[in-house]
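A.B. asks: Show me how the following folds:
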Amino acid sequence: MSAPSAPTAPEAQPGARTGKWWPLAAICLGNFMLLIDVTIVVTALPSMARDLDAGFSDLQWVMDLYALALAALVMVAGTAGDLLGRRRVYVLGLAAFALASLVSGLAPNVGVLIAARAVQGAAAAAMLATNTPLLAAAYAGRDRAVAFGIWGAVSGAASALGVLLGGVLTDYLDWRWIFYVNLPVCAIALLITLRTVSESRGSASRIDWPGTVTFTLSAAALTYGLIVGGEDGWGDGGAVTAFAVSAVALVLFLLVERRTGEPLLDLRLLRRPSFAALMGAAVVLTGAAFAHYTYTMLWLQSVQGLSPIEAGLAVAPMALTSFVFAGAGGRFLHRLPAWVAVSSGLALIGVGLLTQTAIDAGSDWKVLLPGLIVTGLGVGVAIPVLVAAALAAAPPERAGMASGAVNTFRQLGFALGVAVLGTIFSGRVRDVLTGAGLSPHAANAISGGAPFGSDPGLVREAYASALERVYLTAGLAALVAAVLVAAVARRPARTPATAPAPAPAPVH
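C.D. replies: This next block holds a predicted model:
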């Protein structure tokens, strides 16, 4: 995938003032916001469903369109930054993110909210694609290492704090405040950026629009087909059409990328078995470790009766474990071949998820705790070195493309994970409830967290059985990916000890 090239010397800007760490503050604010907006929404989903009369598939789209837009557009946004100026693209992303957040908070119905989330994802792509090149252009030497270390720590904090902040805002104010809170952060980040961040550009000469359109269409149609098929049946005309469109768009994407001079994705990279295996690992890692949050939150709040902040605290051990271990174990991890850390992390994620299959109708939130901690450990092991593993598997001249591809496939993994695991979850809930005599309409409503009337025991059984299958599927996928990486992605190269490690983050 085409990616931002090495930063050129910053151009002086009339509005830019000297202030050593102000550019870092501006970029960290934007990065924190775009990452926290994945997990902050998860805690508020049941409240959204009640207020907006949203169904199960609506909740999936609230999560999925953000991740899809981010995955599809992050690479083209990087190229746009090279051409138009990274500061300009970052500022436009901040402004669009603020506007989309305002519309999300004011949304009168779920359709408006879903559309606004798509715009948020596109704006987040503009910020994500430009924040590290802007840091690289603003700092050099030791200052650059410090800047990237702080940037990584802020990214990890966003992962850990998202579910908690979402719970606090939903509990004490309203779910709409998870979006309103972005407005002052965007305003501050915009002000600092315009006053302190200098412009920089790369060497890209054109944007691969055909590749961008076909890739986006293929990913979106696939996700749509999974969601519609899971709700209406795999023979549904809409689902079948979506899968056909996805397949055709994928073929067109491959044809376009083979013939263009500056492709979104250089297909020769995927002919390298180690690189292809690592991209698959990126998809599975994010989908397995984080996508189940959506359905775990429905169980915690709708069935267990926890408040949003209590539900956030219940799942926080995973994010906190990953954050702490990624920081504390960073030096040790960088002594290992990167593929070893990625494979080991995936294996730990798989074991943690399989541990969570102990859930049953009589379980409370504590049944998840051991598995969440083990999964968090796996995330803390794998994600900080995933980019390094991809760089080791790619030729040096494609380093930027390889790094960008990891971001794209991780976000795509989250979007597809929400769709696939949601299909498993809702299908199992419907099977249990309709088998006990409930109507399909009532079963669909209950799977989305609607009040379930006079038989809470039956609903507890349905949710527990559904989550058990979700955790089993995600856990086995992670273990298979771990074996695949260990078998295919072995490389003698080690992660550079001086390279700043990306901190663990949920969708990014």
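
A.B. asks: Tell me the spacing between F275 and R410.
C.D. replies: Taking CB to CB, to the nearest Å as the measure, F275 falls 15 Å from R410. Using the backbone N, CA and C atoms, a C-beta is placed for each residue, glycine as well.

A.B. asks: Comparing these two, which shows the higher neighbour count?
C.D. replies: R410 (29 against 25; other CB atoms under 10 Å).

A.B. asks: Now do the contacts for the nearest residue to D53 once chain neighbours are set aside.
C.D. replies: Closest residue to D53 apart from its sequence neighbours, by CB to CB, 6 or more residues apart in numbering: V110 at 7.5 Å. V110 is in contact with M48, L52, D53, A54, D58, V62, counting by CB atoms under 8 Å, 6 or more residues apart in numbering.

A.B. asks: Now go through these and say which are in helices.
C.D. replies: Within the contacts of V110, residues falling in helices by DSSP state H are M48, L52, D58, V62.

A.B. asks: Identify the residues contacting the first one.
C.D. replies: Same thing as M48. M48 touches A54, L59, V62, V110, L113, W175, counting by CB under 8 Å, 6+ apart.

A.B. asks: Top of the residues you listed by number of neighbours, please.
C.D. replies: Once you tally neighbours by other CB under 10 Å, L59 ends up highest among the contacts of M48, having 28 neighbours.

A.B. asks: helix, strand or coil for the nearest residue to that one once chain neighbours are set aside?
C.D. replies: Nearest non-adjacent residue to L59, counting by CB to CB, 6+ apart: L45, 5.2 Å away. At L45 the chain is in helix, as set by DSSP: H, G, I helix; E, B strand; the rest coil.

A.B. asks: was I right about L45 contacting D58?
C.D. replies: No - using CB atoms under 8 Å, L45 makes no contact with D58, being 9.7 Å away.

A.B. asks: Which SSE is immediately downstream of whichever helix or strand A118 is part of?
C.D. replies: Applying DSSP states H and E as the criterion places A118 in helix 110-138. The element immediately downstream of helix 110-138 (helix or strand, assigned by DSSP H and E) is helix 141-172.

A.B. asks: tell me the angle of that next one relative to helix 110-138?
C.D. replies: Interaxial angle, helix 141-172 versus helix 110-138 (axes from the mean of the first three to the mean of the last three CA atoms, to 10 degrees): 160 degrees.

A.B. asks: So which elements touch helix 141-172?
C.D. replies: Packing contacts for helix 141-172, counted by 3 or more CB pairs under 8 Å, 6 or more residues apart in numbering; DSSP states H and E, involve helix 22-52, helix 110-138, helix 177-180, helix 308-328.

A.B. asks: To A445, which of those helices lies closest?
C.D. replies: Among these, helix 22-52 comes nearest to A445, with 9.5 Å by CB to CB.

A.B. asks: Report the rounded mean pLDDT for the closest one.
C.D. replies: For helix 22-52, the mean per-residue pLDDT is 87.

A.B. asks: Mind listing what's buried along that helix?
C.D. replies: 22-49, 52 (16 or more other CB atoms under 10 Å).

A.B. asks: Pull the distance from it to the chain's centre.
C.D. replies: The chain centre lies 11 Å from the centre of helix 22-52; the measure is CA atoms, centre = their mean, to the nearest Å.
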